[in-house]
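Trainee: Everything below, folded, please.
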Amino acid sequence: MSKIREALKSIYLFQELTEEEVDRIASMVTEARFNAGQTVFYEGDAADSMYVIAYGTVELEEDGEKLGVLGTGAHFGELPLLDGMNRQLTVRCQEMSTIYTLPFDQLNEYLNSDTKVAADFYRALAHFLSTRLRKVDRELAVIKEHYHK
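Mentor: Okay, the predicted model is just below:
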């Protein structure tokens, strides 16, 4: 479990948690191996977990269009934990990959039972999402400026 604990501790979502708190979350994680070209989930699928790339590279697609690539140490699939919506992207492995799966139901049960852990987790998630939103805002401003010339 120490590999899983280290992977979780390297992600901003879990950095403020104690070793014991991270160990509890690590005990919920399962490990899966995917071949190159194998899909982790499809756009429109029901969402029940978030993922951490222990090793490998995944490609993010929407409506068949490549949006980006994530590699070892990255996480994905956390947004439905907040909004309960289906998957908005397809995630496919570009190479043989090991991915940790953290089920929402178990994570929610833990967060609901410990307000300190929940506050730390949601604060980190809010910070991440605000950073992502600011980046998108800057990109939209550049696009708007380009088309209004």
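Trainee: Run through this structure and note the low-pLDDT ranges.
Mentor: 1, 149 (pLDDT under 70).
Trainee: tell me the centre residue of it?
Mentor: For the chain, the residue nearest the mean C-alpha position is residue 76 (2.3 Å; C-alpha atoms, centre = their mean).
Trainee: isn't that residue right next to residue 57, touching?
Mentor: No: checked against C-beta atoms under 8 Å, the pair residue 76 and residue 57 is beyond contact range at 11.8 Å. Where you see a C-beta, it was placed from the backbone N, CA and C, and this is true even at glycine.
Trainee: what's the overlap in contacts for these two?
Mentor: residue 70 (C-beta atoms under 8 Å, 6 or more residues apart in numbering).
Trainee: rewinding a little: which residue is the nearest non-sequential neighbour of the residue nearest to the centre of the chain?
Mentor: residue 51 (5.4 Å; C-beta to C-beta, 6 or more residues apart in numbering).
Trainee: I'd assumed residue 100 was in contact with the one you found.
Mentor: Yes: with contact defined as C-beta under 8 Å, residue 51 and residue 100 form a contacting pair (6.7 Å).
Trainee: How far away from the center of its chain is the longest helix along the chain?
Mentor: In the chain, with assignment by DSSP state H, the single longest helix is helix 115-147. Relative to the chain's own centre, helix 115-147 is displaced by 14 Å; criterion: C-alpha atoms, centre = their mean, to the nearest Å.
Trainee: and residue 32, that's in a helix?
Mentor: No: applying DSSP: H, G, I helix; E, B strand; the rest coil, one finds residue 32 to be strand, outside a helix.
Trainee: Name the residues of the helix or strand containing residue 67 that come out as buried.
Mentor: Secondary structure assigned from DSSP states H and E places residue 67 in strand 65-71. For strand 65-71, a neighbour-count test (16 or more other C-beta atoms under 10 Å) marks residue 70 as buried.
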